[in-house]
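Student: Sharing a model prediction with you, sequence too.
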Amino acid sequence: MDTDLAALLKVQDEDVTIHGLETRLAALEPRIRELDTRRGKALDAVERATATAGAEEKKQAYVREKIAEHKLLIERNQAQMDAVKTMKQATAAVAQMEQAKRIVATEESDLLAINRRLEEARGVLHSLQNELASIEAQQEAARGEVMAERAEIDGELAVVRAQRDAASAHVPAALLSRYDRIRGSRRVEAVFAMSGMACGNCDTAIPMQRRHVMSASGAVELCEACGVLMYFPG
Ligand SMILES: [Zn+2]
């Protein structure tokens, strides 16, 4: 076999191996995405529950503050009661105090409702946090497997790519660029041995005269029907 052709076939062998490794690498992506999606959903739920509990905590703090303020007001009103001189002043002070007490009563009932909601929100948050932790624990092994597989494939790829580079140094530049162009990103293989009287890829028959020339010269030629390079197997 012609040495240029042999060198080219060696390059193609390495390219086919690279393609196989890249395909395996790409197949890992959906597995990683699936793990990420599941974890992401659990994480989102925890974040939403944290926000809900946080909002109730804020309301709780606000209402507690208001109750303290209004209770202080009642105390002050009570103290003022002692200082009132007239009946009219006394009536006004009582009315003011009664109103403040009603407000406090409403706020205290609000606070009870907030406390209940907060407790509930904390319960939901806690169970979602547990769920997230359990998903992460379950995924640890799966992620480890995927990462190990990826590292292994990356390692193999580095070796094969270096071999491809070394092999391509033995192929004449014009032939190599023709091969690269034909192979592009769509084809796994670009060079085919003729199969009997036809192109080994598309099975289009090659005229006898041309076959004869190819077999005599060992030339690598283009199949006009399908666009691959073909050679006469010797
Ligand atoms: Zn063909």
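Tutor: All right, it came through fine.
Student: Can you give me the buried ones in the lowest-mean-pLDDT helix or strand in the chain?
Tutor: In the chain, no helix or strand scores lower on mean pLDDT, DSSP states H and E than helix 208-217, which sits at a mean of 89. Neighbour-count burial for helix 208-217 flags 211, 214 (criterion: 16 or more other C-beta atoms under 10 Å). Every residue, glycine included, has its C-beta placed from N, CA and C.
Student: anything in it near the ion?
Tutor: No - counting by C-beta under 5 Å from the ion, the ion has no neighbours in helix 208-217; the shortest distance is 12.7 Å.
Student: Once you drop chain neighbours, what's closest to L8?
Tutor: V171 (5.0 Å; C-beta to C-beta, 6 or more residues apart in numbering).
Student: what pLDDT does the one you found get?
Tutor: Looking at V171, its pLDDT is 96.
Student: That one in helix, strand or coil?
Tutor: On the three-state scheme (DSSP: H, G, I helix; E, B strand; the rest coil), V171 is labelled coil.
Student: And for K85?
Tutor: Judged by three-state DSSP, the three-state class of K85 is coil.
Student: ok, how many other residues are close to it?
Tutor: Neighbourhood size, K85 [other C-beta atoms under 10 Å]: 7.
Student: my guess is V213 contacts I206, does it?
Tutor: No - counting by C-beta atoms under 8 Å, V213 does not reach I206; the two are 10.1 Å apart.
Student: Tell me who's in contact with T50.
Tutor: Counting by C-beta atoms under 8 Å, 6 or more residues apart in numbering, T50 makes contact with L125.
Student: hey, where'd the helices end up in this protein?
Tutor: Ranges of helices in the chain, per DSSP state H, are 3-81, 87-168, 173-183, 208-217.
Student: Of these, which is nearest G234?
Tutor: Closest approach to G234 among the helices of the chain is made by helix 208-217 (7.1 Å; C-beta to C-beta).
Student: Go ahead and produce CSV holding the CA coordinates of that closest one.
Tutor: Taking Å, rounded to 0.1, in the frame of the first residue of the first chain, the C-alpha atoms of helix 208-217 are listed here in CSV:
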residue,chain,number,x,y,z
MET,A,208,-13.0,0.1,-15.4
GLN,A,209,-10.5,2.5,-16.9
ARG,A,210,-10.4,4.7,-13.8
ARG,A,211,-10.2,1.6,-11.5
HIS,A,212,-7.3,0.4,-13.5
VAL,A,213,-5.5,3.8,-13.1
MET,A,214,-6.2,3.9,-9.4
SER,A,215,-4.9,0.3,-8.9
ALA,A,216,-1.8,1.0,-10.9
SER,A,217,-0.9,4.4,-9.3
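Student: centre of the chain versus that helix, how much separation?
Tutor: Remark: helix 208-217 is offset 54 Å from the chain centroid, using C-alpha atoms, centre = their mean, to the nearest Å.
Student: Over to stretch 177-197?
Tutor: How far stretch 177-197 lies from its chain's middle: 35 Å, per C-alpha atoms, centre = their mean.
Student: For the residue most central in space within the chain, give its distance to the ion.
Tutor: The centroid of the chain falls nearest to R33 when counting by C-alpha atoms, centre = their mean (4.8 Å). Distance, R33 to the ion, using C-beta to the ion, to the nearest Å: 38 Å.
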